[in-house]
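**Q** Sequence first, predicted model second:
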Amino acid sequence: MAKKIVVVGGVAGGASAAARARRLDPGAKITVFERGEHVSYSNCCLPYHLSGMIEDSDSLVLMTPDDFKTRHNIDVHTGKEVTAIDRQAKKVSVRDVETGETCEEVYDKLILSPGAFPLRPRSISGIDKPHVFTVRNVTDIRNLKAYVDRSEVQDIVVVGGGFIGVEVVENLKEAGKNVTLIEGLSQILAPFDYDMVQILHKEMTDYGVRLMVSGQVTAIEDEQVIAKQGEGEVKIPAQAVVLAIGVRPETKLAEDAGLTIGVTGGIEVNHNFQTSDPDIYAIGDAVEVFNSLTHKPGRLALAGPAQRQARAAADHINGIPCANKGVIGSSCVQVFGQKAACTGLNEKTASQAGIPYNFAYVIPTDKPGLMPESNYMCFKLLFEVPTGRILGAQAISRGAADKRIDVVAAMITMGGTLEDLRDLELCYSPVFGTAKDVVNIAALVGLNLLNGQYTQVPVSKVRGLCESVAYIVDVREEREYAAGHLKGAHNVPLSRLHERMGEIPRDIPVYVHCRTSQRSYYALMYLKGNGYTNVQNISGSYLGISLYEYFNDKALGRERILTEYNFN
C-alpha cells in the first residue's frame with residue numbers, strides 16, 4: 001500500500017520536504033495543506049517589492065498548487081488550515097479558511113512546517129489599527145505596498161531593527177518615503193557586535209533614516225507613533241507602521257497534540273527531526289535546533305537550515321539516516337551601500353555560553369588599494385582561548401563581505417582553528433582580492449594575540465582612555481594627524497619612530513594606533529624589540545574609533561573625542 005505523507009505548511013520547509021519525499025518515493029501519496037494563499041514563495045525577497053526592485057509581486061510566487069500537481073504529483077491545498085492532530089487515529093482535521101467547512105485526512109507520516117508568526121505586542125495601544133502591517137507572506141507585502149504607494153502616505157515608522165526591519169527600511173527609503181526605525185535595544189541587528197554595528201548605524205543616518213535605538217513604542221495613533229526613549233516621550237509622524245519586532249514559533253498545533261516543546265519554545269526534535277511522536281516530524285522556524293558551537297538548544301529562523309531540515313526529514317521517512325551537525329547561524333544583509341555578514345558566535349553569545357574567547361579586529365582593504373573600487377573591510381574574528389578554535393566572524397564593507405564570512409563559516413563547520421585559517425589557500429587576483437586575504441590577516445592577528453605577541457585595547461575602551469588623559473601615540477604621518485586625530489594623542493610617525501623613540505615613556509601605559517592597526521603593529525613590535533614592555537595596540541585604530549564614535553556622539557549628544565571624523 002502506498003505511503004501517505006501529510007505536510008502542514010509550505011515555503012522553504014514544507015514545500016521542500018514534499019518535493020524531496022516525492023523524489024525518493026514515486027508511489028507515495030503526498031498532500032500539503034497551507035493556511036495562506038500561496039504555498040511556495042520567496043519570503044526573503046518580500047521587502048524588495050516595496051522599492052520596485054522586484055516589480056511584479058506575482059514573481060515572488062515560485063510554484064502554484066497546479067505546478068506541484070503537474071510536476072511532482074503532489075496534492076497542494078491552499079487556504080486550508082490544519083486545526084488538530086489525532087495521533088492515535090493518525091489523522092488531521094482540516095478547516096477551509098473561507099467557508100469554515102472541515103474534513104479529515106489520514107497519514108502514515110506527518111511533517112509539521114507551520115513556521116513562525118510576527119509579534120504584535122498587546123501592550124502597544126493601537127496595535128490593530130488598519131495602517132499597521134507585518135511582513136510574512138506575499139499577501140502581506142502586496143497589502144503593505146498598495147497602502148504606502150498612496151500619495152498621502154509619506155511618513156512611515158518601522159518597529160524592530162532585525163534583518164526584516166532593516167530591509168523594509170531600506171526599500172521604503174528607496175521608494176522615496178520618510179522612514180523612522182525604532183529599535184528597543186541599543187543597536188540594530190543583534191547578531192553583530194556593538195562596535196561593528198555602528199558602521200551600519202552611520203550608513204542609515206547618512207541615507208536619511210531617522211534611527212532611534214533604545215526606544216519603546218507605547219502607542220500607535222492615526223497620524224503618529226508615540227515612543228519612549230530614556231525618560232522622555234517622542235511623537236513621530238506616521239501614516240503607516242510596519243512591525244518587525246520578531247517572531248514566535250507556531251507551536252499551538254503541536255502543543256494541542258501533546259508533542260514536547262523545547263526549552264526555547266520551539267518544537268523539540270531529535271537528530272532526524274522526529275518529534276516526541278516518531279511518526280510526526282517538525283522542521284523550519286517552529287523547531288528547536290542544536291547549536292554546534294555552544295552545544296545548547298536554540299532557534300534559527302533562516303531559509304537555508306529549513307531546507308536542509310526538510311531534506312533530512314524526507315530522507316529519514318524513506319530510510320536514509322541524517323548526519324545532523326547542528327547549526328552555526330550564518331546571515332547577510334545589505335544596508336544601502338554597505339554589505340554586512342556574520343557567522344557563528346559574537347561576543348555576547350560567546351559570553352553567555354561561558355566560552356573563553358578573544359578577537360581580532362582588522363580593517364584592511366578588500367582589494368589592492370591601487371585598484372578601482374578598493375574598499376576598506378571591517379572584519380572581526382572571534383576565537384576560543386586557549387585552543388584557537390574559530391567561533392565566529394563579522395564583516396562589513398562596500399565590497400564582498402559575504403565572501404569572507406562564507407569562508408569562515410566553512411572553517412567553523414570543519415572545526416577549523418586560527419592556524420587553519422592562516423594557512424588557507426584562497427584564489428587571488430587584484431580584481432577580486434589581495435594575495436593575503438582579509439581572513440588570512442585576521443587569523444595572523446588572532447595568533448599574535450593568542451600567543452601573547454602583544455595585547456590590545458578595543459575601540460569601545462578608547463573614550464575612557466581619552467577622558468583619563470592616557471598616553472596615546474598616533475603613528476600616522478603628520479598630514480594624516482592634521483586631518484583628524486584623537487584629542488590629546490601624541491603624533492610620532494612610524495617613518496620617524498627610530499629617531500623619536502626617546503619621546504615615548506617607558507614608565508606608564510602607552511597605547512599605539514594608526515589608521516587601520518597595521519602601522520601601529522609595526523611600531524609596537526619595534527618598541528618591544530627595543531625593550532618597551534608597557535605598550536598596547538588599539539584594535540581597529542583610528543578608522544574603527546571614528547566609525548564607533550560617530551553615531552554614538554550624535555545619538556547620545558556627548559562630547560567628541562576626535563577633532564574630525566576622517567573616514568576617507
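**A** Sure thing, it's come through.

**Q** quick one: low-confidence parts of the chain?
**A** Applying pLDDT under 70 to the chain flags residues 555, 568.

**Q** need the strands for the stretch 451-568 of the chain, in chain order.
**A** Listed in chain order, the strands of the stretch 451-568 of the chain (DSSP state E, counting those that start in this stretch) span 456-457, 471-474, 490-491, 510-513, 535-538.

**Q** taking those together, which one is wrapped up most tightly?
**A** strand 510-513 (a mean of 26; mean count of other CB atoms under 10 Å). Yep, even glycine has a C-beta here, placed from its N, CA and C like the rest.

**Q** Tell me which strands that one pairs with, and in which orientation.
**A** strand 471-474 (parallel), strand 535-538 (parallel) (DSSP bridges).

**Q** Name the surrounding residues that touch stretch 261-273.
**A** Residues outside stretch 261-273 that contact it (CB atoms under 8 Å, 6 or more residues apart in numbering): 112, 248-249, 251, 254-255, 259-260, 275-276, 281-283, 286-290, 297-299, 309, 312-313, 316, 321-322, 324.

**Q** Extract the C-alpha trace of that stretch and format it as PDB.
**A** Only the C-alpha atoms of stretch 261-273 are listed here, as PDB (Å, rounded to 0.1, in the frame of the first residue of the first chain):
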ATOM      1  CA  ILE A 261       8.000  21.700  23.300                       C
ATOM      2  CA  GLY A 262      11.700  22.500  24.000                       C
ATOM      3  CA  VAL A 263      13.200  24.900  26.500                       C
ATOM      4  CA  THR A 264      13.400  27.700  23.900                       C
ATOM      5  CA  GLY A 265       9.800  27.500  22.900                       C
ATOM      6  CA  GLY A 266      10.200  25.600  19.700                       C
ATOM      7  CA  ILE A 267       9.000  22.100  18.900                       C
ATOM      8  CA  GLU A 268      11.600  19.600  20.300                       C
ATOM      9  CA  VAL A 269      13.000  17.200  17.700                       C
ATOM     10  CA  ASN A 270      15.700  14.600  17.600                       C
ATOM     11  CA  HIS A 271      18.600  14.500  15.100                       C
ATOM     12  CA  ASN A 272      16.300  13.100  12.400                       C
ATOM     13  CA  PHE A 273      13.700  15.900  13.100                       C
END
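
**Q** Any chance of JSON lines for the strands of the stretch 451-568 of the chain, columns distance to residue 408?
**A** Formatted as JSON lines, the strands of the stretch 451-568 of the chain follow (distance: least, CB to CB, whole Å):
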{"stretch": "strand 456-457", "distance to residue 408": "20"}
{"stretch": "strand 471-474", "distance to residue 408": "31"}
{"stretch": "strand 490-491", "distance to residue 408": "36"}
{"stretch": "strand 510-513", "distance to residue 408": "26"}
{"stretch": "strand 535-538", "distance to residue 408": "22"}
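
**Q** Take the contacts of stretch 261-273 and keep only those in strands.
**A** The strands, defined by DSSP state E, take in 112, 248-249, 281-282, 289-290, 297-298 from the contacts of stretch 261-273.

**Q** Can you say which of the contacts of stretch 261-273 are buried?
**A** Among these, the ones that count as buried by 16 or more other CB atoms under 10 Å are 112, 249, 251, 254, 259, 275-276, 281-283, 286-290, 297-299, 309, 312-313, 316, 322, 324.

**Q** Is it correct that residue 567 is in contact with residue 549?
**A** No. Contact criterion CB atoms under 8 Å: residue 567 and residue 549 do not qualify, at 11.5 Å.

**Q** which of these two has more neighbours?
**A** residue 549 (22 against 13; other CB atoms under 10 Å).

**Q** The more buried one and residue 115, how far apart?
**A** 41 Å (CB to CB, to the nearest Å).

**Q** for residue 387, same thing?
**A** Residue 387 is 37 Å from residue 115, by CB to CB.

**Q** do the same with residue 429
**A** 42 Å.

**Q** neighbour count winner among these two?
**A** Remark: of residue 429 and residue 115, residue 115 carries more neighbours, 26 against 11, as counted by other CB under 10 Å.

**Q** Once you drop chain neighbours, what's closest to the more buried one?
**A** Excluding its sequence neighbours, the residue lying closest to residue 115 (CB to CB, 6 or more residues apart in numbering) is residue 285, at 4.8 Å.

**Q** same deal with residue 107?
**A** Counting by CB to CB, 6+ apart, the residue nearest residue 107 is residue 6, at 4.0 Å.

**Q** List the contacts of the one you found.
**A** Taking CB under 8 Å, 6+ apart as the test, what residue 6 contacts is 31-33, 92, 105, 107, 109-111.

**Q** likewise residue 309?
**A** 13, 273, 283-284, 287.

**Q** Tell me the bridge partners for the spatially closest residue to residue 279 that is not a sequence neighbour.
**A** If you skip the residues right next to it in sequence, residue 279 has residue 109 as its closest partner in space, 5.7 Å away by CB to CB, 6+ apart. According to DSSP bridges, the partner residues bridging residue 109 are residue 5.

**Q** okay, now residue 109: neighbour count?
**A** Neighbour number of residue 109 under other CB under 10 Å is 23.

**Q** now do the one 5 residues further on
**A** Using other CB under 10 Å, residue 114 has 25 neighbouring residues.

**Q** That one in helix, strand or coil?
**A** For residue 114, the assignment made with DSSP: H, G, I helix; E, B strand; the rest coil gives coil.

**Q** So it sits against residue 8, correct?
**A** Yes. Under the criterion of CB under 8 Å, residue 114 makes contact with residue 8 at 6.0 Å.

**Q** shared neighbours of these two, which are they?
**A** With CB under 8 Å, 6+ apart as the test, residue 114 and residue 8 both reach residue 253.

**Q** Switch the contacts of residue 6 over to a markdown table, and while doing so, append distance to residue 346 to every line.
**A** Formatted as a markdown table, the contacts of residue 6 follow (distance: CB to CB, whole Å):
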| residue | distance to residue 346 |
| --- | --- |
| 31 | 42 |
| 32 | 37 |
| 33 | 38 |
| 92 | 40 |
| 105 | 44 |
| 107 | 41 |
| 109 | 38 |
| 110 | 37 |
| 111 | 33 |
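
**Q** I'd guessed residue 315 sits against residue 16; true?
**A** No. Residue 315 is beyond contact range of residue 16, at 11.7 Å (criterion: CB under 8 Å).
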